[in-house]
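Peer 1: What follows is a predicted structure for the sequence shown.
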Amino acid sequence: MPRLYQLQRVRVALGSNMDTQSLDLLLKRYCSAPTADVWRRDPVDAIAGHIGNPEALRLARLRTVAARESALDVLLRMEDLLTGRLESQLALGGRVHQVRSLARLPDELVEKDVVAFRNTAPKSIRDLRAATKAIADGAGGVPPTTITPKLQAAESEAWQISLDRYVTPRVVPHGMDQKQPLAELPPDVAILAFVQDNTVFHAVLCTKAKSNYWSIKGSTRVAADVAKVMRGIGASQSRGARLPDDESWRKDAIELRDRMIPVGSAPLVEDRLNGIKRLVIIPDGLLWYLPFELLPIDDEASTLLGDEVQVTYAATPALAMYPTAAKSTQGKIALAGGKIFAPREVDLNEELTQSIADAATAGTVRLPKEASIPTSRSGLIASHLIVADTTIPNGASLLQTPLAGYEASMLYGHVGDWLRTAAPTPSSLFLAGFRSNLETPQQVSGNEIAMMLMSLQYSGVRDVTLSRWAVGGISTATLLREYSQELGFLTPTEAFERSKNVLRRTELNPSAEPTLSKADLERSTLTGNEPFFWSGYLHASPLLD
């Protein structure tokens, strides 16, 4: 296809001596979706343009603004690069999903130009929007078997529109203003974002008042430092006891902090984060495995960052800012239980699982015990979903990952089905047994965490919480029981913070924690305040309503 040939020619041009402005204009053209004239001239070439992966070009665009140390421009180019990684794995380069989102999202969650486009869109697009709305409005209490034919028809129509000669607007994630991307950022919030570029990390720290860019050389050294902190808190398996005897990991955390976030003579919260109450972190690569909450704000004996400011995470700058679904409601919880609490004691495991269900104020539906449906259909019966089961990302394709063990062989039982369905999704999702590649034979990259977060929020889940490493046992049951109870009164973000604090104050029995080693069982005292138990949970929630 001409578009793919031209894309390859531009990749070759990256090594030439073109002036920066001319090169950036060329890169922008081929990083963007094919224009209307391409669709009119040759729709097959336009489709090829959506499928072609321009990540190398997007990275080159990021380098051009990084050379000028333009922090806000770097943030915008980070957005393009990070979102492109998921979209390159989606059908037609994400074009089909944009059509689905165009039909699904309400006016208040999209940009004005998207609303204007829908008001004057071709009949097929307006019909799909009407059909999607009718499905959502009539979904309450409707058996999944009844709604499936309607969903299949809507999916077929979305594909037909995607293959037709339309130039549809980008809907998810919400676009960022190219001149003032953080105009809506609250004054007491900061965004700290990283992108790995071979051996270098590009970093920006942005507040409403000020934005800074810096680069960190030596990605191999950063990886080694992250691994030291992980081993220090017990997140990586080692011989002997899993849990540390002291807090020597704090020294390693300070070395990593100073490498990643350089500060002056004052502590971190008085220097870089002065006046900040919430810090949204956008990691990349192996930094996804690092709980930034554990970084001391000053010396080894100082307060941890997560105890001084609220720390949340995001897969991209736009997902940090803008929601992909309406506010969470205080409704029923769908609970998919596995054997992560007491793997060798069936009765105890069931007792702990049921205690989480009983704690829910608005009631719980057990999956598949009370509703034999895949998790991608759980939004039909509940407002929230808790998966208390082992979730192992598929190494070949994360979109082929089942969130719960029971749905592995079910129709619509994989992550990709969350993206393709027009059915309502739960507003929040807690993956309590997500096992990142820290614990699997797959090569550690961190991308499995980023892609999982992004996929679920693209599908319409507003708040996502997942574990970087699986813990299980009484500690996880305690956290989920408290979380389930608090969802009846608080937002998912508030419920997670409250339940995490309860866990940290809870005394634990080493023999009731299945991931500990024999050497750990000899401990006379143990509490949930050990970083291994509480710091592995990562929470992502948009800043704006």
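Peer 2: Happy to help now that I have it.
Peer 1: mind listing the helices for the stretch 251-400 of the chain?
Peer 2: For the stretch 251-400 of the chain, helices defined by DSSP state H, counting those that start in this stretch occupy the ranges 305-308, 317-321, 346-359.
Peer 1: Please work out which of these is packed deepest.
Peer 2: helix 317-321 (a mean of 24; mean count of other Cβ atoms under 10 Å). Every C-beta, even on glycine, is put in place using the N, C-alpha and C of the backbone.
Peer 1: counting contacts, what elements does that one pack onto?
Peer 2: helix 71-87, strand 189-197, strand 278-282, helix 447-459 (3 or more Cβ pairs under 8 Å, 6 or more residues apart in numbering; DSSP states H and E).
Peer 1: Can you lay out the ones you listed as TSV showing distance to residue 7 and mean neighbour count?
Peer 2: Listed next are the helices and strands packed on helix 317-321 as TSV, based on distance: least, Cβ to Cβ, whole Å; neighbours: other Cβ atoms under 10 Å:
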stretch	distance to residue 7	mean neighbour count
helix 71-87	13	22
strand 189-197	20	21
strand 278-282	27	23
helix 447-459	23	24
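Peer 1: can you put these in JSON lines and add mean pLDDT and distance to residue 146?
Peer 2: As requested, the helices and strands packed on helix 317-321 are exported to JSON lines (pLDDT from 0 to 100; distance: least, Cβ to Cβ, whole Å):
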{"stretch": "helix 71-87", "mean pLDDT": "96", "distance to residue 146": "31"}
{"stretch": "strand 189-197", "mean pLDDT": "97", "distance to residue 146": "43"}
{"stretch": "strand 278-282", "mean pLDDT": "98", "distance to residue 146": "40"}
{"stretch": "helix 447-459", "mean pLDDT": "96", "distance to residue 146": "21"}
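Peer 1: so residue 341 touches residue 348, yeah?
Peer 2: Yes - judged on Cβ atoms under 8 Å, residue 341 makes contact with residue 348 at a distance of 7.2 Å.
Peer 1: which residues touch residue 405?
Peer 2: 338, 389, 390 (Cβ atoms under 8 Å, 6 or more residues apart in numbering).
Peer 1: measure it to residue 524 for me?
Peer 2: As judged by Cβ to Cβ, to the nearest Å, residue 405 and residue 524 stand 35 Å apart.
Peer 1: With residue 13 instead?
Peer 2: 66 Å.
Peer 1: And for residue 60?
Peer 2: 57 Å.
Peer 1: higher neighbour count, the two?
Peer 2: A direct count of neighbours by other Cβ atoms under 10 Å for residue 60 and residue 524 places residue 60 higher, at 21 against 5.
Peer 1: what helix or strand does that one sit in?
Peer 2: According to DSSP states H and E, residue 60 maps onto helix 55-66.
Peer 1: Counting by contacts, list what that helix packs against.
Peer 2: Partner elements for helix 55-66 (3+ Cβ pairs under 8 Å, 6+ apart): helix 2-13, helix 20-31, helix 71-87, strand 189-197.
Peer 1: got the angle for it vs helix 71-87?
Peer 2: In terms of direction (axes from the mean of the first three to the mean of the last three Cα atoms, to 10 degrees), helix 55-66 departs from helix 71-87 by 170 degrees.
Peer 1: mean confidence for helix 55-66?
Peer 2: The pLDDT scores in helix 55-66 average 90.
Peer 1: got a list of contacts for it?
Peer 2: 7, 10-11, 14, 20, 23-24, 27-28, 30-31, 73-74, 77-78, 80-81, 84-85, 88, 195, 197, 202, 213, 215.
Peer 1: With stretch 340-350 instead?
Peer 2: Outside stretch 340-350, the residues touching it (Cβ under 8 Å, 6+ apart) are 337, 339, 352-353, 388-390, 432-433, 470, 472-474, 476-477, 512, 514.
Peer 1: try 7 Å
Peer 2: Contact partners of stretch 340-350, identified using Cβ atoms under 7 Å, 6 or more residues apart in numbering, comprise 339, 352-353, 388-390, 433, 470, 472-473, 476-477, 514.
Peer 1: Among these, which one sits closest to residue 449?
Peer 2: Proximity of these to residue 449 (Cβ to Cβ) peaks at residue 470, which lies at 13.1 Å.
Peer 1: Now do the phi/psi pair for the closest one.
Peer 2: phi -80, psi 130 (degrees, to the nearest 10).
Peer 1: In contact with the residue positioned nearest the centre of the chain, which residues?
Peer 2: The residue lying closest to the centre of the chain (Cα atoms, centre = their mean) is residue 453, at 2.2 Å. For residue 453, the contact set (Cβ under 7 Å, 6+ apart) comprises 315, 464, 540.
Peer 1: ok, the closest residue in space to it that isn't next to it in sequence - how many residues close by?
Peer 2: Spatial nearest neighbour of residue 453, chain neighbours left out: residue 315 (4.4 Å); criterion: Cβ to Cβ, 6 or more residues apart in numbering. Number of residues near residue 315 (other Cβ under 10 Å) recorded here: 28.
Peer 1: Check residue 397 too.
Peer 2: Count around residue 397 with other Cβ under 10 Å applied: 13.
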